[in-house]
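**Q** need a structure here:
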Amino acid sequence: MQKREVPKIANLPKYRMMLAPFIKRRVKQEPDVARYVKTPEARVSVVNIDWSDAHLLIYLKVADQLHSGSGMRSARPARTNAT
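**A** Okay, the predicted model is just below:
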């Protein structure tokens, strides 16, 4: 199996600015989009629950790890900029 090569982008903000004129974000309320996209309106509801002490302890531990930088960010290898 051959490895797939993914290019590294040295200046991501500049790359996004360069592509911005070619990308058009659409919403389903636009007449041209609404003609083809028929999805139900989203229903949002908030449900408050009581956390068990064990659940709260796990949540706080993970939040502390992510906040301190010892979470997912530090698990990734260091990025180097392509030239």
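**Q** show me where this structure dips below the pLDDT cut-off.
**A** 1, 69-83 (pLDDT under 70).
**Q** and with 80 instead?
**A** 1-7, 69-83 (pLDDT under 80).
**Q** show me the helices in it, by range?
**A** Remark: helices assigned in the chain by DSSP state H are 12-19, 31-34, 53-68, 72-75.
**Q** could you dump those helices to CSV with distance to Arg4 and mean neighbour count?
**A** Backbone N, C-alpha and C define where each C-beta goes, glycine included. Output for those, formatted as CSV (distance: least, CB to CB, whole Å; neighbours: other CB atoms under 10 Å):
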stretch, distance to Arg4, mean neighbour count
helix 12-19, 20, 10
helix 31-34, 33, 9
helix 53-68, 29, 11
helix 72-75, 22, 9
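**Q** can I get those helices in TSV with distance to Val44?
**A** Compiled in TSV, those are given as follows (distance: least, CB to CB, whole Å):
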stretch	distance to Val44
helix 12-19	30
helix 31-34	21
helix 53-68	22
helix 72-75	27
